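Engineer: attaching a predicted model along with its sequence, questions to come.
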Amino acid sequence: MARDDRRAGAITDAVQARRDRLIALTQEMVRIPTLNPPGDLYGPFCEMLRDRLHDTGWQVQLLRAHGAPGDSETHPRWNLIARLEGARPGETVHFNSHHDVVPVGEGWTRDPFGAALDQGRIWGRGTCDMKGGLATSIIAAEAFRAAHPDFSGAIEVSSVADEESGGFAGAAWLARQGWFDPARVQHVIIPEPLHKDRICLGHRGVWWAEITAHGRIAHGSMPFLGDSAIAHIGAVLHEIDTVLQPALAARRTAMPVIPEGARASTLNINAVHGGEAQQAAGYTGLPTPCVADRCRIVLDRRFLAEESIDDVKAEIRALMDRVAARRGFTYDLREMFEVHPSMTDRAAPVVQAVAAGIEAVFGRAPGYVASPGTYDQKHVDGIGGLRNVIAYGPGVLDLAHQPDEWIGVDDMIDSACVMALALERILGRSCGPEASKGTTP
Ligand SMILES: [Zn+2]
């Protein structure tokens with residue numbers, strides 16, 4: 001038996017020995033409904049996790065993103081950072097997960113916060129996206145330390161707020177505080193559910209804009225006396241469908257975006273609101289007859305590394321100007337949110353380390369993908385300035401945000417082995433040139 005095989009065997013054994021802890025940790029996390037919006041129970045979640053991590057020797061800090069978007073006394077935005085210090089100086093590997101989960105929605109056949117273990121799967125909201133990945137990274141670190149108590153450098157695990165709503169009180173806030181400064185953290189792995197044998201190198205860009213078309217109110221029985229903003233937006237939507245959408249679909253990227261349909265530019269209309277406001281569910285009266293004097297849409301434009309955000313914006317403005325001139329109406333465009341595409345080089349050290357782990361566990365090279373939507377990599381890279389970052393974690397991407405979400409226990413075990421082997425490759429060798437820069441930014 002080669003020396004490498006023996007070491008891989010020790011790592012795998014150490015992960016397997018923690019199977020019960022992995023299951024229990026995942027279940028405990030899922031049973032705390034950290035729903036976002038509004039951002040429920042982040043504090044109790046972080047306190048529970050702090051207690052579990054203290055038991056196994058982690059140094060844990062809870063950090064509230066005071067004043068960040070969404071932070072309030074009723075819904076404080078708590079984040080957790082845990083650290084395992086090695087025996088000697090070296091680099092730091094950081095696993096970044098989020099603890100918020102999206103609303104439950106309809107169609108469940110299971111208790112969404114029961115975290116039942118059945119058919120080798122743990123069921124519930126947030127199992128796959130991404131409390132299972134968070135638990136997996138903790139087990140990987142603990143198993144690696146058991147196999148290599150003399151490791152160099154340090155391992156960090158963060159559990160952050162609000163990834164699902166942009167991450168401004170979570171990863172972005174931590175990045176602004178210096179937690180992802182390349183001087184203190186050299187490798188970041190984000191255990192989002194992108195399949196246990198794939199490495200996600202980055203994501204497409206995003207631009208959200210709200211467009212309001214203006215008309216003129218009049219009596220609904222004499223619509224010719226008014227000017228319907230709904231009709232104007234109808235024309236805008238027609239122009240989008242017939243002119244813009246075919247152009248976007250024809251634009252292809254070299255980024256390995258999955259699913260295949262997202263390897264082009266895309267545009268979704270996230271919302272349309274026009275005319276009289278919708279009444280509360282209990283209201284039993286009738287609406288009043290009015291021509292809509294305003295109609296509003298929210299655009300969700302996803303763009304490619306090959307496109308510039310300036311061109312993306314100009315294209316929408318040109319479309320709006322064209323339709324508005326043709327029909328004679330005015331409009332406002334409000335920019336809401338933008339993210340530049342992020343792509344990590346395949347030769348980056350963290351990619352190489354995880355790829356070697358995947359090859360050792362599955363006997364084949366990893367698949368390389370990019371995400372159709374963004375995740376916290378944008379903040380690690382864009383704000384933190386750390387380019388050596390990937391997403392890698394267990395779970396089936398398609399299950400994220402769905403009813404009857406689950407994570408497979410064997411998938412988590414396999415992924416923990418990959419992560420632990422990646423840690424071994426980065427931290428298990430003799431002292432590197434970079435010294436670890438301590439526990440705070
Ligand atoms: Zn997620």
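Structural biologist: Right, received. Where do you want to start? No experiment lies behind these values; they were computed from the predicted model shown. Numbering: from 1, shown residues only.

Engineer: residues from the protein in reach of the ion?
Structural biologist: 129-130, 192 (Cβ under 5 Å from the ion). The way it works is simple: take the backbone N, C-alpha and C, and place the C-beta from them, glycine included.

Engineer: pop the domain breakdown of this structure in here.
Structural biologist: Using automatic domain parsing, the domain parsing of the chain gives 3-203+341-427, 205-275+288-338.

Engineer: can I get those in CSV including mean pLDDT and mean neighbour count?
Structural biologist: Conversion of these to CSV gives the following (pLDDT from 0 to 100; neighbours: other Cβ atoms under 10 Å):
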stretch, mean pLDDT, mean neighbour count
domain 3-203+341-427, 96, 21
domain 205-275+288-338, 97, 16
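
Engineer: contacting residues for residue 307?
Structural biologist: The contact partners of residue 307, by Cβ atoms under 8 Å, 6 or more residues apart in numbering, come to 205, 251, 265.

Engineer: the first one contacts residue 313, doesn't it?
Structural biologist: Okay, so that is residue 205. No. Residue 205 lies out of contact with residue 313 (Cβ atoms under 8 Å); the separation is 11.3 Å.

Engineer: what kind of secondary structure is the residue sitting nearest the centre point of the chain in?
Structural biologist: Nearest to the mean C-alpha position of the chain, by Cα atoms, centre = their mean, lies residue 375 at 3.1 Å. In three-state terms, and counting by DSSP: H, G, I helix; E, B strand; the rest coil, residue 375 is coil.

Engineer: give me the phi and psi for it.
Structural biologist: phi -150, psi -170 (degrees, to the nearest 10).

Engineer: from the contacts of residue 307, which ones fall inside strands?
Structural biologist: residue 205 (DSSP state E).

Engineer: and the contacts of residue 307, which is closest to the ion?
Structural biologist: residue 205 (18.1 Å; Cβ to the ion).

Engineer: list the contacts for that closest one?
Structural biologist: 302-305, 307, 309, 312, 338-341, 374.

Engineer: re earlier: got a markdown table for the domains of the chain, with distance to residue 281 too?
Structural biologist: Listed next are those as a markdown table, based on distance: least, Cβ to Cβ, whole Å:
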| stretch | distance to residue 281 |
| --- | --- |
| domain 3-203+341-427 | 16 |
| domain 205-275+288-338 | 17 |
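
Engineer: and which of the contacts of residue 307 is nearest to residue 45?
Structural biologist: Nearest to residue 45 out of the contacts of residue 307 is residue 205 (Cβ to Cβ; 30.7 Å).

Engineer: and the contacts of residue 307 as a markdown table, adding distance to residue 91?
Structural biologist: Converted to a markdown table, the contacts of residue 307 look like this (distance: Cβ to Cβ, whole Å):
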| residue | distance to residue 91 |
| --- | --- |
| 205 | 30 |
| 251 | 39 |
| 265 | 37 |
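
Engineer: from the stretch 151-300 of the chain, which residue is nearest to the ion?
Structural biologist: Counting by Cβ to the ion, the stretch 151-300 of the chain gets nearest the ion through residue 192, at 4.9 Å.

Engineer: isn't that residue right next to residue 391, touching?
Structural biologist: Yes. Contact criterion Cβ under 8 Å: residue 192 and residue 391 qualify, at 4.5 Å.

Engineer: what's across from residue 332 in the sheet?
Structural biologist: residue 212 (DSSP bridges).

Engineer: my read: it touches residue 212, true?
Structural biologist: Yes. With contact defined as Cβ under 8 Å, residue 332 reaches residue 212; the gap is 4.8 Å.

Engineer: all good on my end, thank you.
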